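[1] build me a model:
(one chain, ligands or ions: 2)
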Amino acid sequence: MTRVAVLGATGAVGQRFIQLLSDHPTFEIAALTASADSAGSPYREAAKWRVDTPIPEAVADVEVVETTPEAVPDDVDLIFSSLPSSVAERVESDFCEAGYVVSSNSSNERGADDVPLVIPEINPDHLDLIEVQRDNRGWDGALVKNPNCSTITMVPTLATLDAFGLERVHVSTLQAVSGAGYSGVTSMEILDNVIPYIGGEEEKMETESRKLLGEFDGSQVQWHDVEVSASCNRVATLDGHLENVWAELSDDPTVAEIYAAFDDAATQDLHSAPDPLIETFDEPDRPQPRLDRFLGNGMAVAAGGVQETPAGVQYNTLAHNTLRGAAGASLLNGELLDRNGWL
Ligand SMILES: NC(=O)C1=CN([C@@H]2O[C@H](COP(=O)(O)OP(=O)(O)OC[C@H]3O[C@@H](n4cnc5c(N)ncnc54)[C@H](OP(=O)(O)O)[C@@H]3O)[C@@H](O)[C@H]2O)C=CC1
Ligand SMILES: N[C@@H](CC(=O)OP(=O)(O)O)C(=O)O
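    Numbering: from 1, shown residues only. Ligands and ions are numbered 1, 2, ... in the order given. Predicted coordinates:
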């Protein structure tokens, strides 16, 4: 078994990690960390458990430790990080310096030249950037990131459309409240309402997409030159980000060819990877968050409503933001790191 630790294990994403790891065939939990306020308490007391399955018995009485390399056992092979990015920025490098491989969901360093930003089905080869990172930083460990939840929802379809010459993308999101964390948006703000702004989200979609779709030339990632313009909105759904995408292509594929390309999107032979990666719908009113967010155990991307418009090919896409968009994304990167011999 591969021994893993979860940094920020008591949080919204941390709890998803615990849920996903509780019946994982090859990863076993060896340590759970949180803030100094939680350290020393059993997990069941430190975490206000809000996931829709019971707290796994195997972790309920595990003592939460502080988020430092010294507090984590030496024989841990892989670390998952779901810390606030301001905290991650300070501590993740300490773990990498201490020799740990960190698969992180936090947004710090996603754009760094020597940090792999990876979706295993899209750009698994970018993981080899770890060699460059180790040379640059003198680490025995490594830092690998998954993208932002809105970006990860859209990029699988964009990677598929790239075969038709992807030139320009406009996207408008309808993002669930869980993306802001449990206390992120109050009920008075969001009920009977839509908030047409999510701080930093538009820039993340515009830049992270280009890095993910870029080519790794052996020493650096040449970012894709697609132009992405995003408008991000918070809506009153609990989980599942829905996105309306307009993609301008240099070729002129038919709607049927686009559906066929989505259906054939590359998959990965990893425990948490869905097959198919993209679930398609012919019905014009799908995908919908409540109906479709758990496709592929919350790891698939859904797409539908494909049509030709004067502004390009238009479609809707959806993914579960705390599964495929957060904990599941880091977990899948951990499985890829393990399979490719980086642990
Ligand atoms: N919610 C979502 O859908 C998504 C979230 N993310 C990102 O994932 C990360 C975690 O988000 P989320 O789970 O919602 O956040 P939460 O606020 O729910 O959880 C934060 C976690 O970090 C711990 N923590 C806070 N401060 C410190 C500190 N100073 N030192 C050590 N540990 C600390 C908390 O411990 P304690 O309980 O002791 O306070 C808790 O375990 C963020 O970077 C977020 O942007 C990414 C995609 C989606
Ligand atoms: N900003 C996202 C969630 C998030 O925390 O993203 P990031 O991993 O880029 O910090 C949302 O509100 O839905």
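
[2] chain center to stretch 153-161, what's the gap?
    Counting by CA atoms, centre = their mean, to the nearest Å, stretch 153-161 is centred 14 Å from the centre of its parent chain.

[3] identify the residues contacting it?
    Stretch 153-161 has contacts (CB atoms under 8 Å, 6 or more residues apart in numbering) with 119, 121-122, 147, 166, 169, 171, 173, 205, 208-209, 212-213, 226, 241, 243, 245, 247, 249, 258, 261-262, 264-265, 277-278, 301, 303, 313, 315, 317-319, 321, 324-325. Any C-beta I mention is one placed from the backbone N, CA and C, and that applies to glycine too.

[4] apply 7 Å and report the result again.
    Around stretch 153-161, the neighbours that count as contacts under CB atoms under 7 Å, 6 or more residues apart in numbering are 119, 121-122, 147, 166, 169, 171, 209, 212-213, 241, 243, 245, 247, 249, 261-262, 265, 277-278, 301, 303, 315, 317-319, 325.

[5] for the chain, which segments count as helices?
    12-21, 43-46, 57-60, 85-97, 129-137, 149-161, 187-190, 201-212, 255-263, 289-292, 328-339 (DSSP state H).

[6] and stretch 297-313, what's its mean pLDDT?
    Here stretch 297-313 scores 97 as its mean pLDDT.

[7] on that earlier part again, any chance of the helices of the chain in CSV, plus distance to T237?
    Putting the helices of the chain into CSV (distance: least, CB to CB, whole Å) gives the following:
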stretch, distance to T237
helix 12-21, 15
helix 43-46, 28
helix 57-60, 28
helix 85-97, 24
helix 129-137, 35
helix 149-161, 13
helix 187-190, 10
helix 201-212, 16
helix 255-263, 23
helix 289-292, 5
helix 328-339, 18
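
[8] the chain against ligand 1: which residues are in contact?
    For the chain, the residues in contact with ligand 1 (CB under 6 Å from any ligand atom) are 8-14, 34-35, 37-38, 67, 82-85, 87, 105-107, 149, 178-179, 181-182, 321-322, 325-326.

[9] and the residues you listed, which are buried?
    Neighbour counting by 16 or more other CB atoms under 10 Å classes 8-14, 34-35, 38, 67, 82-83, 85, 87, 105-107, 149, 178-179, 321-322, 325-326 among these as buried.

[10] out of the residues you listed, which are close to ligand 2?
    Filtered for proximity to ligand 2 (CB under 6 Å from any ligand atom), these shrink to 85, 107, 149, 179, 321.

[11] pull out the buried positions in stretch 68-88.
    For stretch 68-88, by 16+ other CB under 10 Å, it's 69, 72, 76-83, 85, 87-88.

[12] and it, how far out from the chain middle?
    18 Å.

[13] over to stretch 168-180?
    Per CA atoms, centre = their mean, the centroid offset for stretch 168-180 relative to its chain is 14 Å.

[14] endpoint to endpoint, it covers what distance?
    28 Å (CA to CA, to the nearest Å).

[15] the buried residues of stretch 68-88: which two are farthest apart?
    Within these, D77 and S85 form the most distant pair, 24.3 Å apart (CB to CB).

[16] sorry, back to before: strands - which of the residues of the chain next to ligand 1 land there?
    A34 (DSSP state E).

[17] taking the stretch 1-150 of the chain, what residue is nearest to ligand 1?
    G11 (2.0 Å; CB to the nearest ligand atom).

[18] distance of that residue from ligand 2?
    G11 is 11 Å from ligand 2, where distance means CB to the nearest ligand atom, to the nearest Å.

[19] and for I55?
    23 Å.

[20] tell me, how many residues neighbour the nearest residue to that residue once chain neighbours are set aside?
    Spatial nearest neighbour of I55, chain neighbours left out: W49 (4.6 Å); criterion: CB to CB, 6 or more residues apart in numbering. Using other CB atoms under 10 Å, W49 has 15 neighbouring residues.

[21] hmm, W49 is touching R16, no?
    No: contact criterion CB atoms under 7 Å: W49 and R16 do not qualify, at 11.4 Å.

[22] can you select the buried ones from the contacts of stretch 153-161 in ChimeraX?
    If you want just the buried ones from these in ChimeraX, going by 16+ other CB under 10 Å, the selection is:
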select :119,121,122,147,166,169,171,209,212,213,241,243,245,247,249,261,262,265,277,278,301,303,315,317,318,319,325
